[in-house]
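K.L.:
Pasting the sequence and the predicted model now:
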Amino acid sequence: DAGVIQSPRHEVTEMGQEVTLRCKPISGHNSLFWYRQTMMRGLELLIYFNNNVPIDDSGMPEDRFSAKMPNASFSTLKIQPSEPRDSAVYFCASTLGPRGNQPQHFGDGTRLSIL
Amino acid sequence: QQQVKQSPQSLIVQKGGIPIINCAYENTAFDYFPWYQQFPGKGPALLIAIRPDVSEKKEGRFTISFNKSAKQFSLHIMDSQPGDSATYFCAVVGVSSGSARQLTFGSGTQLTVLP
C-alpha cells in the first residue's frame, strides 16, 4: 500500500518566492495534518483537516502560510512570500477519523531551504 | 507553553543495553500517549502507545511505563540494537483547542546504540 506521498522532497528557493508543498494522504484516510520540524522548535502542528475541512489552523505561524484541501486525495501548503526563517522540514500526516487515537501516518517530508 | 517535557535530549548506549526515555505532561485532559520513532530522512512512525488505564504496555522489545499520578511515562528498549538508533518522540493526545484531538510532541531524544 502506498503511504503518504509528499512532493517535492527538497526545495531550495530565494527569499520572497512563493513555495507550494504537496501531499497525497493514504486512500481512505479522512484526517490530514501539516507539521513543521526544526531543531529549535521540534515538531509543530500547523493545521489539521477533517473531511477536507480545516478544523484548527492555530499553529499556522503567519498570514504568509495557507493550506488547502480541495479533495480527499490532495492537500497543499503554500508560503507566500517565503522567508529564511521558514527553512524547515515540513511533514504531512494522515489518519482515519478525527478521534486522534488512530495512528498518524507521516510522509517522508519536504526539506525546504529559503536563501 | 510546553505541554510535554522529554528527557534526555540524547542518549548513547552499548548494544544490549536498556535505554530509558522519559516524558512528563501537565494537562490531565490527555488520554492517549504514543511514542514515535524517526530515522534520518524519514517521517515519524508510531512505535507503541498506551492509554492511562494501564500502567505498562509491552510490544516486543519496547515497553511503555505509565505513572498517572505523577503524570509521567517512559519508553524502555530491551536488548537495544544498532538498528534502534533513531530519534524518539513521546506525544500526548487530548482536547487542546476546540474539538480537535491533536498530537503534541515532546522535543525528541536522539538515541545511538553502539555495536
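P.N.:
Here it is on my side, so go on. Computed from a predicted structure; not experimentally measured. Residues are numbered from 1 along each chain as shown, chains lettered A, B, ... in the order given.
K.L.:
Grab the nearest non-local neighbour of the spatially most central residue of chain B.
P.N.:
Most central in chain B under C-alpha atoms, centre = their mean is B:C90, positioned 3.1 Å from the mean C-alpha point. Leaving aside its sequence neighbours, B:C90 sits nearest to B:C23 (C-beta to C-beta, 6 or more residues apart in numbering or on different chains; 3.7 Å). For the C-beta atoms, the positions are set from N, CA and C on the backbone; glycine is no exception.
K.L.:
Partner strands of the host helix or strand of the one you found, with direction?
P.N.:
For B:C23, the host element (DSSP states H and E) is strand B:20-25. Based on DSSP bridges, the pairing partners of strand B:20-25 within the sheet are strand B:4-7 (antiparallel), strand B:72-77 (antiparallel).
K.L.:
would you list those in a markdown table and tack on mean pLDDT and distance to B:F62?
P.N.:
Shown next, in a markdown table, are the strands paired with strand B:20-25 (pLDDT from 0 to 100; distance: least, C-beta to C-beta, whole Å):
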| stretch | mean pLDDT | distance to B:F62 |
| --- | --- | --- |
| strand B:4-7 | 94 | 16 |
| strand B:72-77 | 97 | 6 |
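K.L.:
Return the most buried member of those strands.
P.N.:
Comparing the strands paired with strand B:20-25 by mean neighbour count (mean count of other C-beta atoms under 10 Å in any protein chain shown), strand B:72-77 ranks first with a mean of 20.
K.L.:
After it, which helix or strand is next? Please name it.
P.N.:
strand B:86-97.
K.L.:
ok, now how distant is the nearest residue to B:N27 once chain neighbours are set aside from B:G106?
P.N.:
Leaving aside its chain neighbours, B:N27 sits nearest to B:Q3 (5.8 Å; criterion: C-beta to C-beta, 6+ apart). Note on B:Q3: its distance to B:G106, by C-beta to C-beta, to the nearest Å, is 9 Å.
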